[in-house]
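**Student:** Let me see the structure of the following:
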Amino acid sequence: MKIRRKYLFYALAFTSAIITAGVSTIDATISARYIPNPWAFGFSCFIVGIFISLIIVCIFSIPVKGRSLGSRIIDPSFKRLRLVRKEELKYHILAAVGNSILTIGYLTLLSMFGDPSTVLPFSQIAILYLILIESISEKNIPTLSEIQSSLIVTFGAILGSITLTGTITLESFAIVFLVVNPAWILFSIYQRKLKLLKIDNRPNDALNIRFWNVVFACMFTAILVGVYDLIVGTGHFIAGITASIDHFNWVALTMGITFFSYVFYIRALGIGKASVTQAVRASTVLFAIPFSLLISYFNIIPPFSTDPVMILIKIIGTTLVILGIVSFALSLVKAYVFINVKPGYPIEETMDKLWSIRGVTRVTVIAGTYDFIVKIRIRTLVKGYERIIRKLEGIEAIKKYKWESVLKEWENI
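**Tutor:** Numbering: from 1, shown residues only. All right, here's what the predicted structure looks like:
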C-alpha cells in the first residue's frame with residue numbers, strides 16, 4: 001500500500017504520541033501502586049523489555065507469502081531479527097545510554113508528580129535542544145519559521161507541565177533540563193542515524209533498532225544502577241530484579257505497548273528531522289489529559305483541581321503546542337534541482353560547492369541528460385528559493401539548471 005510521504009510522517013508521529021500517552025497512564029499506575037522506586041522500576045522495564053521485545057520481533061519475523069509479517073504491517077524495511085552490524089554498534093551504544101538515563105529521569109518525575117499530563121510535557125522542551133544540535137551537527141540550519149514554531153511548542157509544553165495545583169519545584173526542573181532532555185536528545189539523534197543507515201543495501205528497519213536498543217539500554221542501566229548502589233549504599237539493583245519477577249505482567253504490558261510507540265517514532269525519524277518529529281510528537285501533551293482524567297477518576301492519582309486559573313494555563317499550553325505543530329506542518333517545501341555542468345570542471349569540487357548550500361539535503365551525480373540531481377528542503381519558499389538560486393548562479397561550473405518543486409511523495413506504509 002502506498003501513502004503520501006508527508007501523511008505517513010504525521011500518521012506515524014501522532015500514533016506514537018497517542019500510544020505514549022496511554023503508556024504513561026500504565027506507568028503512573030505501576031509507579032503509584034506497585035513499584036514506587038523509579039530506579040527499580042526503570043531497571044525492571046529493560047529486563048522484562050528484552051523478553052517482550054524478542055517475542056514481538058520473532059513473531060514479526062514469520063514469513064508470510066515471501067515477506068515477513070513485520071514488513072507487511074509495521075515496517076516495509078524489516079526482513080527478520082538479525083545481529084547488530086559493526087557500522088551501527090556505536091550508534092546503538094549512544095542511543096542506549098540516552099534511553100537508560102531518560103527512563104530513570106522520566107520515572108523519577110512520575111514518582112514525584114504522579115500525573116502523566118504534567119510529566120509528559122517536560123520532555124517536549126527537548127525541541128529547543130534538537131534545533132540547536134541540528135544547526136551544529138547537520139548542514140540544515142533551522143529557519144526562522146522553524147525556530148518560531150519550536151518556541152511556540154516549547155512554551156506551550158512548559159505551561160502544560162505546570163500541575164493543576166500550581167506546583168513547580170526546582171528539583172523537577174533540574175531533572176528536566178539536566179537529565180531528561182539531554183538524554184532524550186542523545187536517544188533521538190542516534191535513533192535517527194540508525195534509521196538512516198543502509199543495511200545490506202536496504203533501509204534500516206525500526207523493529208531491529210528498537211529491539212537492540214532495549215538490549216543495550218538494559219546493559220547500561222544495570223551498570224548505572226549497580227554503580228549508584230555501590231556509591232550511595234542502596235539496593236536498587238536487587239529491587240529491580242525482584243520487581244521484574246513480582247510484577248512481570250504489569251511491566252510486560254507497559255513494555256509491550258511502548259515497543260510499538262518507539263517503532264512508529266523511529267520510522268517517523270527516518271522521514272523527518274528530529275526536531276520536527278519531536279514537535280509533532282509533542283501532541284502527546286494533548287492526548288495525555290483524558291488518560292490522566294481517567295486514572296484520577298479511579299483514584300490512582302489525586303483528583304484534579306478545579307481552580308479556573310490553573311485550568312486556563314493548561315488549556316493555553318495545550319493550544320500553543322497544537323499551533324506550533326500546525327505551523328511546522330504548513331511550512332515545509334521540497335524540490336529537486338537538475339544541473340548541467342560545463343566541461344573541464346572537477347566533479348568533486350562542484351559537488352562540494354553544491355553541498356555547502358544551506359537547504360541542500362542530498363547531492364547525486366548521475367549519467368544522462370543531467371550531471372547532478374540536488375534535493376532541496378526549505379521552510380520558506382520565496383526567500384529560500386531566492387537564496388539557493390543566488391548560490392547556484394554563483395557556482396561557475398554550472399552551465400544550466402532546472403528547479404522542480406515536489407507536490408506529493410509516496411512511500412510504502
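**Student:** Going by C-alpha atoms from here, please, whenever you check contacts or count neighbours.
**Tutor:** OK.
**Student:** Show me where the stretch 301-413 of the chain has its helices.
**Tutor:** Taking DSSP state H, counting those that start in this stretch as the test, the helices found in the stretch 301-413 of the chain are 308-331, 347-355, 381-393.
**Student:** Residue 293 is nearest to which of the ones you listed?
**Tutor:** Go through the helices of the stretch 301-413 of the chain one by one with Cα to Cα and the one that ends up closest to residue 293 is helix 308-331, at 12.8 Å.
**Student:** How about the secondary structure of residue 79?
**Tutor:** coil (DSSP: H, G, I helix; E, B strand; the rest coil).
**Student:** quick revisit: just name the most buried of the helices of the stretch 301-413 of the chain.
**Tutor:** helix 308-331 (a mean of 19; mean count of other Cα atoms under 10 Å).
**Student:** Just list the residues touching residue 320, thanks.
**Tutor:** 152-153, 155-157 (Cα atoms under 8 Å, 6 or more residues apart in numbering).
**Student:** Format the residues you listed as JSON lines; extra columns: pLDDT and distance to residue 295.
**Tutor:** Below are those laid out as JSON lines (pLDDT from 0 to 100; distance: Cα to Cα, whole Å):
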{"residue": "152", "pLDDT": "76", "distance to residue 295": "29"}
{"residue": "153", "pLDDT": "71", "distance to residue 295": "26"}
{"residue": "155", "pLDDT": "73", "distance to residue 295": "26"}
{"residue": "156", "pLDDT": "72", "distance to residue 295": "23"}
{"residue": "157", "pLDDT": "67", "distance to residue 295": "21"}
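**Student:** looking at those, which has the most residues close by?
**Tutor:** Ranked by neighbour count (other Cα atoms under 10 Å), the contacts of residue 320 have residue 153 at the top, with 33 neighbours.
**Student:** Only C-alpha atoms, please: export the host helix or strand of that residue in PDB.
**Tutor:** Applying DSSP states H and E as the criterion places residue 153 in helix 144-160. Taking Å, rounded to 0.1, in the frame of the first residue of the first chain, the C-alpha atoms of helix 144-160 are listed here in PDB:
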ATOM      1  CA  LEU A 144      13.100  31.500  11.400                       C
ATOM      2  CA  SER A 145       9.800  29.700  10.900                       C
ATOM      3  CA  GLU A 146      11.300  26.500  12.500                       C
ATOM      4  CA  ILE A 147      12.600  28.500  15.400                       C
ATOM      5  CA  GLN A 148       9.300  30.300  15.900                       C
ATOM      6  CA  SER A 149       7.300  27.000  15.800                       C
ATOM      7  CA  SER A 150       9.700  25.300  18.200                       C
ATOM      8  CA  LEU A 151       9.400  28.200  20.700                       C
ATOM      9  CA  ILE A 152       5.600  28.000  20.500                       C
ATOM     10  CA  VAL A 153       5.600  24.300  21.100                       C
ATOM     11  CA  THR A 154       8.200  24.600  23.900                       C
ATOM     12  CA  PHE A 155       6.500  27.400  25.800                       C
ATOM     13  CA  GLY A 156       3.200  25.500  25.400                       C
ATOM     14  CA  ALA A 157       4.800  22.400  26.800                       C
ATOM     15  CA  ILE A 158       6.200  24.300  29.800                       C
ATOM     16  CA  LEU A 159       2.800  25.800  30.600                       C
ATOM     17  CA  GLY A 160       1.300  22.300  30.200                       C
END
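**Student:** quick one on the thing from earlier: using TSV, lay out the contacts of residue 320 together with distance to residue 262.
**Tutor:** Shown next, in TSV, are these (distance: Cα to Cα, whole Å):
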residue	distance to residue 262
152	25
153	21
155	25
156	23
157	20
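**Student:** Which one of these is nearest to residue 189?
**Tutor:** Checking the contacts of residue 320 against residue 189 with Cα to Cα, the nearest one is residue 153 at 19.1 Å.
**Student:** Just to check, that closest one is in contact with residue 316?
**Tutor:** No. Counting by Cα atoms under 8 Å, residue 153 does not reach residue 316; the two are 11.1 Å apart.
**Student:** per-stretch mean pLDDT over the helices of the stretch 301-413 of the chain, give me the minimum one.
**Tutor:** Mean pLDDT values for the helices of the stretch 301-413 of the chain show the minimum at helix 308-331, a mean of 70.
**Student:** Could you report the neighbour count for residue 84?
**Tutor:** Residues within reach of residue 84, counting by other Cα under 10 Å, total 12.
**Student:** Using the three-state scheme, assign it.
**Tutor:** coil.
**Student:** measure it to residue 90 for me?
**Tutor:** With distances taken as Cα to Cα, to the nearest Å, residue 84 is found 10 Å from residue 90.
**Student:** What of residue 72?
**Tutor:** Residue 72 sits 29 Å away from residue 90, going by Cα to Cα.
**Student:** Equivalent analysis for residue 110, please.
**Tutor:** As judged by Cα to Cα, residue 110 and residue 90 stand 30 Å apart.
**Student:** Minimum distance to residue 177: which of the helices of the stretch 301-413 of the chain has it?
**Tutor:** helix 308-331 (18.6 Å).
**Student:** Which stretches in the stretch 201-350 of the chain count as strands?
**Tutor:** With strands called from DSSP state E, counting those that start in this stretch, the stretch 201-350 of the chain shows them at 202-203, 333-341.
**Student:** Quick check: mean pLDDT of the longest one?
**Tutor:** Throughout strand 333-341, pLDDT has a mean value of 89.
**Student:** Stretch 274-287 too?
**Tutor:** Stretch 274-287 shows a mean pLDDT of 75.
**Student:** domain assignment for this structure?
**Tutor:** 2-331, 333-412 (automatic domain parsing).
**Student:** Deepest in the core, which of these is it.
**Tutor:** domain 2-331 (a mean of 20).
**Student:** Following the chain past the helix holding residue 153, name the next helix or strand.
**Tutor:** In N-to-C order, the element after helix 144-160 by DSSP H and E is helix 170-175.
**Student:** hey, C-alpha coordinates of that next one in CSV?
**Tutor:** C-alpha atoms of helix 170-175 as CSV (Å, rounded to 0.1, in the frame of the first residue of the first chain):
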residue,chain,number,x,y,z
LEU,A,170,13.5,23.4,41.4
GLU,A,171,14.3,19.7,41.7
SER,A,172,11.9,18.7,38.9
PHE,A,173,13.3,21.4,36.6
ALA,A,174,16.8,20.3,37.3
ILE,A,175,15.9,16.8,36.3
